[in-house]
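1. Predicted coordinates and the sequence they were generated for:
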Amino acid sequence: MPQLERGRFVVAGFLTEACVSFSVLSAIKDGFEVLVVADACGGLTPQSHELALRRLEQAGAHLTSWIQILLEFQRDWTRHDTYEAARAVVVANDGGYGMGLAYAREIIRPV
């Protein structure tokens, strides 16, 4: 019987060792591609968090960061329908890159 092609999940959560891991492992088993937003998860300890991430990666999950997910969703800064929301998140939360976007907005004014 041919296997149906499944979609993609993006997962983050409070406890990497339990909530995140159980969801991710189940989704992989069911044929989904899974991206784990590693810096939007937390473990009981830094080491247990890291070990859980390694386990998920070995099972086939792809590790990523919140900024990578945001930038992949935005894809292009000329996408005007989502530009303001994405820019605001980056400016508020991503240090130097956020400062660069704020600076660019002040210097480069769209005509």
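-> All right, it came through fine.

2. quick one, helices of the chain?
-> 21-29, 46-59, 66-74, 80-93, 95-107 (DSSP state H).

3. and the first one, which residues are buried?
-> The neighbour-count check on helix 21-29 (16 or more other CB atoms under 10 Å) flags 21, 23-25, 27-28 as buried. Every C-beta, even on glycine, is put in place using the N, C-alpha and C of the backbone.

4. Now do that helix, average pLDDT.
-> Helix 21-29 shows a mean pLDDT of 97.

5. tell me what that helix is packed against?
-> With contacts taken as 3 or more CB pairs under 8 Å, 6 or more residues apart in numbering; DSSP states H and E, helix 21-29 sits against strand 8-11, strand 33-37, helix 46-59.

6. what's next to that helix, contact-wise?
-> 9, 11, 13, 34, 36, 52, 55-56, 59-61 (CB atoms under 8 Å, 6 or more residues apart in numbering).

7. One more: the second one?
-> The list of residues contacting helix 46-59 from outside it, by CB under 8 Å, 6+ apart, reads 16-17, 20-21, 24-25, 28, 34, 36, 38, 41-43, 63.

8. what angle sits between it and helix 21-29?
-> 10 degrees (axes from the mean of the first three to the mean of the last three CA atoms, to 10 degrees).

9. If we go by neighbour counts, what in helix 46-59 is buried?
-> Buried residues in helix 46-59 (16+ other CB under 10 Å): 49, 52-53, 56.

10. so who does Val10 touch?
-> 34-35, 37, 69.

11. Which segments of the chain make up each domain?
-> 8-64, 76-107 (automatic domain parsing).

12. Can you list the low-confidence ranges for the chain?
-> 1-5, 109-111 (pLDDT under 70).

13. mind checking which of the helices and strands packed on helix 21-29 is nearest Ala88?
-> strand 33-37 (18.8 Å; CB to CB).

14. residues of that closest one that come out buried?
-> 34-37.

15. would TSV of the helices and strands packed on helix 21-29 with distance to Val89 be doable?
-> Shown next, in TSV, are the helices and strands packed on helix 21-29 (distance: least, CB to CB, whole Å):
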stretch	distance to Val89
strand 8-11	15
strand 33-37	13
helix 46-59	23
